[in-house]
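K.L.:
I'll drop the sequence and a predicted model, then ask my questions.
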Amino acid sequence: MNTASITLEEAKAFLAENPTVQWIDAFVLDMNGHPRGKRLRRDDLLGVAKGGMMLPGSVFIMDPLGNCIAETGRLWTNGDPDFNFRILAGTLKAIPVDGTRFAQAVIVPEKDDPLDPRYVLRKQVERFKAVGHTPVAAVELEYYITVPGPGGAFTLDTPPGVSREIDIPLTFQFEDLDALQAFNDDIYRVAEFQGLPVDALTQESGPSQFEINLKHSSDVVEAALDGLLLKRAVKAAARAHGLNATFMAKPCHEWPGSGMHIHMSVLDKAGANIFAGEPISPLFRHALGGLRETMGDFMAIWAQTANAYRRYVPESYVSMAAHWGFNNRTVALRIPDQLGPGTRVEHRVAGADANPYLVIAAILAGAAYGMVGKLDPGPDVKGNSEELDTPPLPTVWANALERFERSPVVRDAFGADFQHVFSRLKSTERANFERIVTSLDHLWYASVA
């Protein structure tokens, strides 16, 4: 788990090796997983590497539009003070598009902040480490590629050569991959420059929808960061090709949603997978029991936006109840058909727009809760889980937020400060979103009111 700051020597070496880089985006990742920071001139890098850079503490509590939310209690009440941020060692990397004029670096607060999503995840890892366990995780991300409208506006127009038919299944085919191969080459080129452990690229079932997998890592904090940086890599490659990339959970009601699937297992001190068994270990069953019992408590983490809740619809490979099963894609907690050392759970609930730091932290918290309490997950589901009469997850945003705010499991895992501030941040976002009159209001109601 990397917590070291960049050294002056590392910064000097980077400048010497990258003479064309003129600008460096130095950013922290807020509660939404959005980058917030400053664009530094090349000549300013050494000063920041030596002394850090100041940003207000409210940087973590911005809504998706960049508004600081006073309702969180961390804006006017304490004067919104500045905090010093340091460049995280190993994250200063060039972006090989647009003539490699740009680079990026992740910054973290010099002192631990309970509202920092990275810190929240680190605390979960430390709980596992305290009992001699090391969690392992891999992130899978789905996204859409579209053609931007005037001024770069988001549209649902697909790139030339890419099918727009939604009734023709294209999953695991190659036509859209072929049409966008030059763009895909640049994704992998950016990822290689930045040291992201990218794996396979898959054509998904939506028009110009794709999935990229990242390889498993025994440093789950870095695995989460890799997921966040992969989003930037995809978006950078898209801009270079005049395209838009979106990780919205549901960009069109007619199209399949985009999810973030997390594969997770746990190793002991000797490096053995403690989830392995016949077919799985008792500890794994307890972890599954905890993941099932706490899944509703963390629904506001799996679905962090108004749009994310539109993804939960029947027959869409998105489970709306906390089921588990072997090699079954209709359940929320899937055990892939790779047992033994490869035994793991695939957590399939989160939207692609969620923050991987928080998603993995919530998964670890749920698993630990079950392992400590020796919870039983009940029987595995065979066949279609949607046919079972089971209490559903809180797939209405207001209900999910209320459960998150009241949950003692969330409070114990994430801390009371984070629980309160995240709840207020998202409740305000929800209220602001729901008061907006849309074109659908006019279409449905104007003529009959």
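P.N.:
Great, that's in hand.
K.L.:
Below-threshold pLDDT in the stretch 101-250 of the chain: ranges please.
P.N.:
164-170, 172 (pLDDT under 70).
K.L.:
Please, where are all the strands along the stretch 51-200 of the chain?
P.N.:
With DSSP state E, counting those that start in this stretch as the criterion, the stretch 51-200 of the chain has strands at 53-56, 82-87, 93-95, 102-109, 134-146, 198-203.
K.L.:
Please name the residues that touch Ser178.
P.N.:
For the record, residue 178 is Asp, not Ser. Taking CB atoms under 8 Å, 6 or more residues apart in numbering as the criterion, Asp178 is in contact with Gly161. The way it works is simple: take the backbone N, C-alpha and C, and place the C-beta from them, glycine included.
K.L.:
Equivalent analysis for Cys252, please.
P.N.:
Leu156.
K.L.:
Could you tell me how far it is located from Met62?
P.N.:
Separation of Cys252 from Met62 (CB to CB, to the nearest Å): 27 Å.
K.L.:
And what about the closest residue to Gly370 other than its chain neighbours, helix, strand or coil?
P.N.:
Among residues not flanking Gly370 along the chain, Gly290 sits closest, at 2.0 Å (CB to CB, 6 or more residues apart in numbering). Using DSSP: H, G, I helix; E, B strand; the rest coil, the secondary structure recorded for Gly290 is helix.
K.L.:
hang on, Leu177 packs against Glu204?
P.N.:
No: assessed by CB atoms under 8 Å, Leu177 is found out of contact with Glu204, at 10.7 Å.
K.L.:
what about those two, which has more around it?
P.N.:
For Leu177 versus Glu204, the count of surrounding residues by other CB atoms under 10 Å is larger for Glu204: 20 against 16.
K.L.:
separation between that one and Gly52?
P.N.:
41 Å.
K.L.:
same question, Ala233
P.N.:
26 Å.
K.L.:
and if you look at Val106?
P.N.:
Distance, Val106 to Gly52, using CB to CB: 13 Å.
K.L.:
mind listing the strands for the stretch 301-449 of the chain?
P.N.:
324-326, 333-335, 345-347.
K.L.:
Relative to the second one, what are the paired strands and their orientations?
P.N.:
This points to strand 333-335. Counting by DSSP bridges, the strands paired with strand 333-335 are strand 324-326 (parallel), strand 345-347 (antiparallel).
K.L.:
Pick the most deeply packed of these.
P.N.:
Highest mean neighbour count among the strands paired with strand 333-335 (mean count of other CB atoms under 10 Å): strand 345-347, with a mean of 22.
K.L.:
Just the mean pLDDT for that one, thanks.
P.N.:
What strand 345-347 shows for mean pLDDT is 98.
K.L.:
Report the angle between the longest helix along the chain and strand 134-146.
P.N.:
Using DSSP state H to assign secondary structure, the helix with the most residues in the chain is helix 220-240. Helix 220-240 and strand 134-146 are oriented at 10 degrees to each other (axes from the mean of the first three to the mean of the last three CA atoms, to 10 degrees).
K.L.:
For helix 220-240, which helices and strands make contact with it?
P.N.:
If you count contacts as 3 or more CB pairs under 8 Å, 6 or more residues apart in numbering; DSSP states H and E, helix 220-240 packs onto strand 102-109, helix 117-130, strand 134-146, helix 181-193, strand 209-214, strand 244-246, helix 356-373.
K.L.:
Pick the most deeply packed of those.
P.N.:
A comparison of the helices and strands packed on helix 220-240 by mean neighbour count, using mean count of other CB under 10 Å, puts helix 356-373 on top with a mean of 25.
K.L.:
Packing partners of that helix?
P.N.:
helix 117-130, strand 134-146, helix 220-240, strand 260-267, helix 282-294, helix 299-302, helix 408-414.
K.L.:
That helix to strand 260-267, inter-axis angle?
P.N.:
40 degrees.
K.L.:
quick check: mean pLDDT across helix 356-373?
P.N.:
So the average pLDDT for helix 356-373 ends up being 98.
K.L.:
and that helix, how far out from the chain's middle?
P.N.:
15 Å (CA atoms, centre = their mean, to the nearest Å).
K.L.:
And the closest residue to Gly90 other than its chain neighbours, how far from Tyr357?
P.N.:
Once flanking residues are discounted, Gly90 sits nearest to Asn2: 6.1 Å by CB to CB, 6+ apart. In this view, Asn2 and Tyr357 are 14 Å apart by CB to CB.
K.L.:
overlap in contacts of these two?
P.N.:
Contact criterion CB under 8 Å, 6+ apart; residues bridging Asn2 and Tyr357 by contacting each: Val221.
K.L.:
still on that earlier bit, ok, so what distance separates the residue nearest to Gly90 from Ser217?
P.N.:
From Asn2 to Ser217 the distance is 12 Å (CB to CB).
K.L.:
which of the two has more neighbours?
P.N.:
Higher neighbour count among Asn2 and Ser217: Ser217, with 18 against 14, using other CB under 10 Å.
K.L.:
circling back to that earlier point, ok, now which ones touch the residue nearest to Gly90?
P.N.:
88-90, 219, 221-222.
K.L.:
Show the end-to-end separation of stretch 13-23, please.
P.N.:
16 Å (CA to CA, to the nearest Å).
K.L.:
mind listing what's buried in it?
P.N.:
Buried positions in stretch 13-23, judged by neighbour count with 16 or more other CB atoms under 10 Å: 14-15, 18, 21.
K.L.:
which residues does the residue nearest to Gly370 contact?
P.N.:
366-373, 375.
K.L.:
same check, this time on Asn213
P.N.:
138-140, 198-200, 202.
K.L.:
That one - nearest residue in space that isn't next to it in sequence?
P.N.:
Asp199 is the one closest to Asn213 (CB to CB, 6+ apart), at 4.1 Å.
K.L.:
Wait, Pro117 touches Val59, no?
P.N.:
No: using CB under 8 Å, Pro117 makes no contact with Val59, being 11.8 Å away.
K.L.:
Between these two, which contacts overlap?
P.N.:
Residues touching both Pro117 and Val59 (CB under 8 Å, 6+ apart) are Asp30.
K.L.:
For Asn184, find the nearest of the helices and strands packed on helix 356-373.
P.N.:
Asn184 lies closest to helix 220-240 among these, at 7.9 Å (CB to CB).
K.L.:
Quick check: buried residues in the closest one?
P.N.:
Applying 16+ other CB under 10 Å to helix 220-240 flags 220-240 as buried.
K.L.:
what do you get for stretch 45-58?
P.N.:
Quick answer for stretch 45-58 (16+ other CB under 10 Å): 45, 48-49, 52-53, 55-58.
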